[in-house]
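[1] need a structure here:
(2 chains)
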Amino acid sequence: AQRVTQPEKLLSVFKGAPVELKCNYSYSGSPELFWYVQYSRQRLQLLLRHISRESIKGFTADLNKGETSFHLKKPFAQEEDSAMYYCALSGYNQGGKLIFGQGTELSVKP
Amino acid sequence: NAGVTQTPKFQVLKTGQSMTLQCAQDMNHNSMYWYRQDPGMGLRLIYYSASEGTTDKGEVPNGYNVSRLNKREFSLRLESAAPSQTSVYFCAILAGVLTGELFFGEGSRLTVL
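    All right, here's what the predicted structure looks like:
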């Protein structure tokens, strides 16, 4: 079955600490993985795609096919990183039919 | 230039009432989607439309109907609302066919009493 699991509902860290938001997936083919973010009172927006292998706002995510994981990392958290983060998966040629994880709320304390 | 506009933003219904959530885009994209967001469950796809005049079921279509009368608009209808349909509803468009990026509306918060 296709599934995305984010094991942490809430992750609380202090400013300047490293952050890792976990994401594991189950998919039989070659998935496309995404991280979406929802800041307070803003619309859900794309943060990262595994295909682009880019760093956005200091965040990176590496697809580990062996461990079926796509963890989101940032070496030094900032208060403005506080938001809800969703990991999502799409199958080949499935367009916008995403399977989302449960979401992790990141709280960065001063 | 709002991109994706949803109306209404908030609505309270009684069990059994009907209502339609409207979604309009000004980005000229073909594919549009309706998701619902529930605590602890993330977002789940209700229905989608790959192009004008076509619609398909997603993961949780029961209790909903959709209509894609033109390229701009994709509406979601609850014929007989139930408390289990209390949720935040998001409309989205496929902004990048190659990237798979979804562009979301701001959401519509629906409460069914």
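[2] Centre-most residue in chain B?
    B:W34 (2.9 Å; Cα atoms, centre = their mean).
[3] pretty sure it contacts B:L45?
    Yes - if you go by Cβ atoms under 8 Å, B:W34 and B:L45 touch, sitting 7.5 Å apart. In this view, the C-beta of every residue, glycine as well, is placed from N, C-alpha and C.
[4] Need the overlap of contacts for these two.
    Contact criterion Cβ atoms under 8 Å, 6 or more residues apart in numbering or on different chains; residues shared by B:W34 and B:L45: B:G58.
[5] For the helix or strand hosting A:L11, which strands pair with it and how are they oriented?
    Counting by DSSP states H and E, the element that carries A:L11 is strand A:10-14. Next to strand A:10-14 in the sheet, as set by DSSP bridges, lie strand A:104-109 (parallel).
[6] Alpha carbons of the partner strand, as PDB, please.
    Taking C-alpha atoms only, strand A:104-109 is exported to PDB below (Å, rounded to 0.1, in the frame of the first residue of the first chain):
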ATOM      1  CA  THR A 104       4.700  17.500  11.900                       C
ATOM      2  CA  GLU A 105       4.400  20.800  13.700                       C
ATOM      3  CA  LEU A 106       7.800  22.400  14.200                       C
ATOM      4  CA  SER A 107       8.100  24.800  17.000                       C
ATOM      5  CA  VAL A 108      11.300  26.800  17.300                       C
ATOM      6  CA  LYS A 109      11.700  28.500  20.700                       C
END
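[7] which residues are in contact with that strand?
    For strand A:104-109, contacts defined as Cβ under 8 Å, 6+ apart pick out A:6, A:8-15, A:19, A:21-22, A:77-86.
[8] can you check stretch A:29-45 too?
    Here stretch A:29-45 has contacts from A:21, A:23, A:25, A:46-51, A:59, A:61, A:63, A:70, A:72, A:82-92, A:98, A:100, B:43, B:90, B:100-107, using Cβ under 8 Å, 6+ apart.
[9] now, which of these lie within strands?
    The strands, defined by DSSP state E, take in A:21, A:25, A:46-49, A:61, A:72, A:83-90, A:100, B:43, B:90, B:102-104 from the contacts of stretch A:29-45.
[10] and B:G16, how many residues sit next to it?
    Here the number of neighbours of B:G16 (other Cβ atoms under 10 Å in any protein chain shown) works out to 10.
[11] That one reaches B:P83, doesn't it?
    No - B:G16 is not in contact with B:P83 according to Cβ under 8 Å; the separation is 10.6 Å.
[12] and the angle for the strand holding A:L11 with strand A:83-90?
    130 degrees (axes from the mean of the first three to the mean of the last three Cα atoms, to 10 degrees).
[13] Can I get strand A:10-14 as PDB, trimmed to CA atoms?
    Written as PDB, here are the backbone C-alpha positions of strand A:10-14 (Å, rounded to 0.1, in the frame of the first residue of the first chain):
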ATOM      1  CA  LEU A  10       5.200  17.900  17.300                       C
ATOM      2  CA  LEU A  11       8.900  18.700  17.300                       C
ATOM      3  CA  SER A  12      10.100  21.500  19.600                       C
ATOM      4  CA  VAL A  13      13.600  22.800  19.400                       C
ATOM      5  CA  PHE A  14      15.500  25.900  20.400                       C
END
